[in-house]
Every structure is written in structure tokens, then in C-alpha cells.
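**Student:** Predicted model, plus sequence, below.
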Amino acid sequence: MKILVFSDIHGNTIRMTDAIRTHRLHGGVDRVFFLGDGTDDAISVMKKFPDIPFDYVSGNCDEFFLSYSQREFLVTEQLVTAGGIRFLLAHGHKLFVKSQYQFAANYAIQKKADVLLFGHTHQAEDITIDGDHGGHVRMINPGSCGPYYNATYAVLNIENGQLVCGFGKVQ
């Protein structure tokens, strides 16, 4: 199973569209996760790929820029199971990821997530953090696929319950 994970596109739909098209041509895409800040744009991109399951959460910028008629798209977190792995999708602003990760890790462990997928910092990374009261959680940030240099997204491959994370770059 291949899952593409995007965050923080901030209006730049071209990079997300190009990445999905490229992966469809080279091995396929089974699912797409979007982690906020550009949710309305990400939804418009995914309408081009109606055969790919799409899960999303909204970010701090979405709270300000979504029109009143689009308020139904304001989803702050979501638990999704794919390939036998429980993912907690969150933008990260409500988990204080710009200042530290421990609160986010503890929260994800409390939610019984195997992996916390988050954005907000625009920095791609894949780390594991121990909880304050036991357990641990893998935390993956795809970076930003927005209008900035070094645009990235995450590529998750799951086989036999094992998750391998890589990062793609787009121009």
C-alpha cells in the first residue's frame, strides 16, 4: 500500500497534483492524506483523482480562509487505519509542535495511534518519541508542498504491517 502525505500547500495545487500524477504513473497511489493549510485547494486537487481515497484535516490557516459555506471541511483531527496501522492525522498547531513535540507524542499515545502525521512546521521529518507515561509513537511530518523552495511530501509504503517512510521533492 502506498500513501502520499501532503501538508501546507497554501494555495499551490500544482505541486500536489504533479506528485500524485507522477506516483500514479510509477507504481500507483492507494490513498492520500492531507494535513491542513490549504484544505479547500487539496479538496479541489483530489476531485481530479476520484478513484483515490482521500482523508484530510484542516490547519490554522484554514480556519481563517475557508468561506462560511465551507465550514464543514474544518476537521481538526482524524484517526485512520490503513494497512493495519493506526494513523492520527492532525495539523499540529493545537498540539504545539512548533515549540516542542512531547505534548503531541503523549496525545497520540493516549489516542492509541501508531503514527502521528502532522504538518505546521514545514519541516520534513520522521522520528519516534517515548511517552511520559510509557509507550512511544512515530511522528512523521511531510514538510510543505506549498509555494516555497525545498517543497516536500511524504511517501508511506506499508507491506505486511511494516511502514517505510520516504520523502519526495517537487519543483
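**Tutor:** That came in fine, so what should we check first?

**Student:** low-confidence ranges in this protein?
**Tutor:** For the chain, the stretches with pLDDT under 70 are 64-73.

**Student:** wait, what's in contact with Gly59?
**Tutor:** With contacts defined as C-beta atoms under 8 Å, 6 or more residues apart in numbering, the neighbours of Gly59 are Ser7, Asp8, Leu35, Gly36, Asp37, Gly38, Thr39, His91, Gly92, His93, Gly119, His120. Bear in mind the C-beta positions are built from the backbone N, C-alpha and C, glycine included.

**Student:** can you list those residues in CSV and add neighbour count?
**Tutor:** Shown next, in CSV, are the contacts of Gly59 (neighbours: other C-beta atoms under 10 Å):
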residue, neighbour count
Ser7, 35
Asp8, 28
Leu35, 30
Gly36, 30
Asp37, 28
Gly38, 31
Thr39, 25
His91, 29
Gly92, 26
His93, 19
Gly119, 31
His120, 24
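
**Student:** Could you list which of those belong to helices?
**Tutor:** In helices, judged by DSSP state H, the following of the contacts of Gly59 are found: Thr39.

**Student:** could you dump the contacts of Gly59 to JSON lines with distance to Ser99?
**Tutor:** Conversion of these to JSON lines gives the following (distance: C-beta to C-beta, whole Å):
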{"residue": "Ser7", "distance to Ser99": "18"}
{"residue": "Asp8", "distance to Ser99": "17"}
{"residue": "Leu35", "distance to Ser99": "18"}
{"residue": "Gly36", "distance to Ser99": "18"}
{"residue": "Asp37", "distance to Ser99": "18"}
{"residue": "Gly38", "distance to Ser99": "23"}
{"residue": "Thr39", "distance to Ser99": "23"}
{"residue": "His91", "distance to Ser99": "15"}
{"residue": "Gly92", "distance to Ser99": "11"}
{"residue": "His93", "distance to Ser99": "11"}
{"residue": "Gly119", "distance to Ser99": "15"}
{"residue": "His120", "distance to Ser99": "11"}
